[in-house]
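In: Okay, sequence plus prediction incoming.
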Amino acid sequence: MVATTFDALAQAAFATSEAVFAINTPTSQPAQAIDRLADKYTVSNTFPAVTTVQANADPFHKVVESAARTRELTSVLTTSETLLPAIPHLFKAASQRSAVVVHLETQERDKNVPAYADLMAVRQTGFAILTSDNVQSSFDLGLVAQAAAVQTSTPFLNAVSTGSNNKAGKKLNSDIVLDHQRVAPALSSEQDLVAHKDRQAAVSEISLSSLYLTPKEAPEGKKPEGAVAQISGEEIYSKVEELLVALQRQTGRSYRPIEYQGPAAPKTVVVSLAIGSSAVEHSLLQNHKDVGLVKIYLYRPWSERHFLEALPASVERIVVVEQAPAAQTAWTPLFLDVSASFHAADATWAGQIPKIVSARFRGTGADLTTADVAAALGSDKPSFVINPHYIAHPVLQTPLQDADVDTPYIQMLNQVFADRLNIENGIKTDSVWGSHQQSPEFGYGTLVTKVAARARFAELVSKTVQDSALKISEPLRKALTQWHLNRSDSKLAQRHGKEAVELLRASQDGLVGPVAEILAQSAQFVKPSHWLVGADAWAYDIANSGVHHVISSHADINLLILDTEPYTSRTQNPDNRKKDIGLYAMNYGSVFVASVAVYSSYSHVLHALIEADQFHGPSIVLAYLPRPDEENVSPITVLKETKLAVDTGYWPLYRWNPALEEKGEEPFRLDSERIKLDLQQFLERENHLSLIIQQNPDVARTLTHSLESEAKARDVALKKKAKDDFAKLMG
């Protein structure tokens, strides 16, 4: 039974790989599919090495370096949002002739930056690209991709889109046939593996000048026998075609790299990538049976000759249907490939070149309706948008896994700080580079600008009150002076700022120069409460995630970091443990740290948030809110997980406030009642024993003598036993 798309992709990866990398993003966790994987069959009959990497830790650098060093068959499970930062590493993998296969599910991040744009951005990296529109074909093509990667020493990218309403890892209802144990050995052999590793061994260290072009060859005398420097796109195409035929013999499921469906002599043909083609295919079968469809499974390398051979000779009009990668793009990538095919040097098209039009759509292929397809077939424009009135599905702009994960804590922040609240990495921070812009470094960068603006405003107020030449009333001068002295105190700054604004507005007609500028920037009177909200993904690499930079900056900024890992599943992946951010921050001595759990103590969370805001310097609030890996989680389950974590000490409740140390008070306060009780009972037992020894010194001597005698007797017995066993062994 296949639970998610990643379960099928993981099965294909395990069946054909020696090393598997799972790249977790804030919105998808392919590593969970690996944890659920029960079948451990591989080509070499060994369990592949599994590595889980966070998306913000430059994961493809580790993938490419590992593949080059070990020369292992490597598979990667990820989503399309990790592709853009990986482009330099993809070029390098192609240059090194690594047998790397990237299995990815396309995932919409932003209505202005669709997943299709990420996929098209890597089409020139040297990776062969296979696309599919359902889980079954992605599984089949995943097996083919690894076999082709081995036999051609070319890295492959296997992309799948399973619907517009899909988020990565969505649960599936259809039955998927996972027959890898029979298919994988039929596609690739041990001899293919040895030949690939010989070819890869022939590629020496890549020089900077050849990194993005061709690999630097080893000296002629050092090449292994049969090593090949380059392989053409036609050879890769032929190999994929050969493997698809072998797949059909084994399973009965038929694919072609470029596949034509429809009548024998159509006048109109629709061309589409396999990814996102289901809605178009369904509409043509139901309502436009006189129109043909060319479905592209193998998009890279692009073969002009095979594309023209797939087209019926009767075609007069070609409609290229693909997702609009960006609003400012004049011509889409597939349209350019189709158009160029008729003008290629080896073009075999004998008749008149058909009219080619570009029909772009917004959203995903599954969002297309029958009316949209009809509009595409009926339009005479050379380039147009099929569904101009499409309304994008709302995309979650938060670094958390689900929309309701951070709700309790965000609500508390809004209630406590109201208009002063400023969440730096909140809504509308996503960009073309993905969700990494929600990192602490990004929020810190935007904060610096706002802090500098308020500092300039404070300097303006200071110069104004000291300038005796300015004619301002004494009450206004006093209000501005009091605000400047107390600008770091949120309550006093708000009180004196409000008073100053009222006085400024009362004499608004006569305001000129710096006084008028102060009124224009009156919003700066309020001391904002700056917060960054993040997930426990930041804890896997404190330096790379940017947490270290914020802590060491000594800036007055607050971090709210949510940990959603349930107590009952804490040991599922012990090799990839999170770092203790709280302990790390306390070592600095100048950072406020609190560990809280809203379902354990609501008042404790309130105290921690208020103290964090009042502390002048970096503050970190570690907030626990378990999110079990299942649908429709009940509040009772969350409460039980929280109670287990807090009572066992897995999630201690505490506050560390360095400001108290300056007042001569203890900076650390343990707030976990259960731990405090256990500690108190332990200390009471220790104190009771100490009192007995003080009152009866003979008891202490007796206990000490008894323990020494027992230890000596046991030591003698062990030595005698060892001596007897040695004599028996030698005898």
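Out: Now that the structure is in, tell me what you want to look at.
In: Please make it C-alpha for all contacts and neighbour counts, starting now.
Out: OK.
In: what's the following helix or strand after the host helix or strand of Gln411?
Out: Under the criterion of DSSP states H and E, Gln411 resides in helix 407-417. Proceeding C-terminally, helix 407-417 gives way to strand 421-423 as the next helix or strand, assigned by DSSP H and E.
In: counting contacts, what elements does that next one pack onto?
Out: When contacts are defined as 3 or more Cα pairs under 8 Å, 6 or more residues apart in numbering; DSSP states H and E, strand 421-423 packs onto strand 529-535.
In: Run the chain-centre distance for the strand it packs on.
Out: Remark: strand 529-535 is offset 18 Å from the chain centroid, using Cα atoms, centre = their mean, to the nearest Å.
In: same check, this time on stretch 409-422
Out: Remark: stretch 409-422 is offset 27 Å from the chain centroid, using Cα atoms, centre = their mean.
In: Okay, buried residues for it please.
Out: 409, 412-413, 417, 420-422 (16 or more other Cα atoms under 10 Å).
In: for stretch 61-73, same thing?
Out: Along stretch 61-73, the positions that meet the burial threshold by neighbour count (16+ other Cα under 10 Å) are 63-65, 67-68, 71-73.
In: Tell me which of those fall in helices.
Out: When helices are assigned by DSSP state H, the members of those inside them are 63-65, 67-68.
In: Near Lys721, how many residues? Count them for me, please.
Out: Burial of Lys721, expressed as a neighbour count using other Cα atoms under 10 Å, amounts to 12.
In: got it, and Ala15?
Out: For Ala15, the neighbour count with other Cα under 10 Å is 28.
In: From the chain's centroid, how far away is the strand or helix carrying it?
Out: Secondary structure assigned from DSSP H and E places Ala15 in helix 5-16. Between the centre of helix 5-16 and the centre of its host chain there is 19 Å, according to Cα atoms, centre = their mean.
In: same check, this time on stretch 492-512
Out: Here stretch 492-512 shows a centroid-to-chain-centroid distance of 47 Å under the convention Cα atoms, centre = their mean.
In: Let me know the average pLDDT across it.
Out: Mean pLDDT, computed over stretch 492-512, is 83.
In: same deal with stretch 161-171?
Out: Computed over stretch 161-171, the average pLDDT equals 50.
In: And for stretch 561-568?
Out: Confidence for stretch 561-568, expressed as mean pLDDT, is 81.
In: Same question for stretch 409-422.
Out: The predicted model gives stretch 409-422 an average pLDDT of 88.
In: cool, and stretch 665-677?
Out: Stretch 665-677 shows a mean pLDDT of 82 in the predicted model.
In: What residues sit buried inside that stretch?
Out: By neighbour count, and taking 16+ other Cα under 10 Å as the criterion, the buried residues in stretch 665-677 are 667-668, 671-672, 675.
In: chain center to the helix or strand containing Ala608: distance?
Out: Following DSSP H and E, one finds Ala608 within helix 602-614. Counting by Cα atoms, centre = their mean, helix 602-614 is centred 30 Å from the centre of its parent chain.
In: what helices or strands is the helix or strand following that helix leaning on?
Out: Tracing the chain past helix 602-614, the next element assigned as helix or strand by DSSP H and E is strand 619-624. Using 3+ Cα pairs under 8 Å, 6+ apart, the elements in contact with strand 619-624 are strand 558-563, helix 581-586, strand 592-597, helix 602-614.
In: Let me know which of these is the nearest to Pro635.
Out: strand 592-597 (14.1 Å; Cα to Cα).
In: list the helices and strands the closest one packs on?
Out: Taking 3+ Cα pairs under 8 Å, 6+ apart as contact, the helices and strands that strand 592-597 lies on are helix 581-586, helix 602-614, strand 619-624, strand 654-656.
In: Deepest-packed of these, please.
Out: strand 619-624 (a mean of 27; mean count of other Cα atoms under 10 Å).
In: before we move on, the earlier item: export only the CA atoms of the helix holding Ala608, formatted as CSV.
Out: Once side chains and other backbone atoms are set aside, the C-alpha atoms of helix 602-614 remain, and they are given as CSV (Å, rounded to 0.1, in the frame of the first residue of the first chain):
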residue,chain,number,x,y,z
TYR,A,602,-0.2,28.9,29.7
SER,A,603,0.9,31.4,32.3
HIS,A,604,4.5,30.3,32.0
VAL,A,605,4.4,31.1,28.3
LEU,A,606,3.0,34.5,29.0
HIS,A,607,5.8,35.3,31.5
ALA,A,608,8.4,34.1,29.1
LEU,A,609,7.1,36.2,26.2
ILE,A,610,6.9,39.3,28.3
GLU,A,611,10.4,38.8,29.8
ALA,A,612,11.8,38.2,26.3
ASP,A,613,10.4,41.4,25.1
GLN,A,614,11.7,43.4,28.1
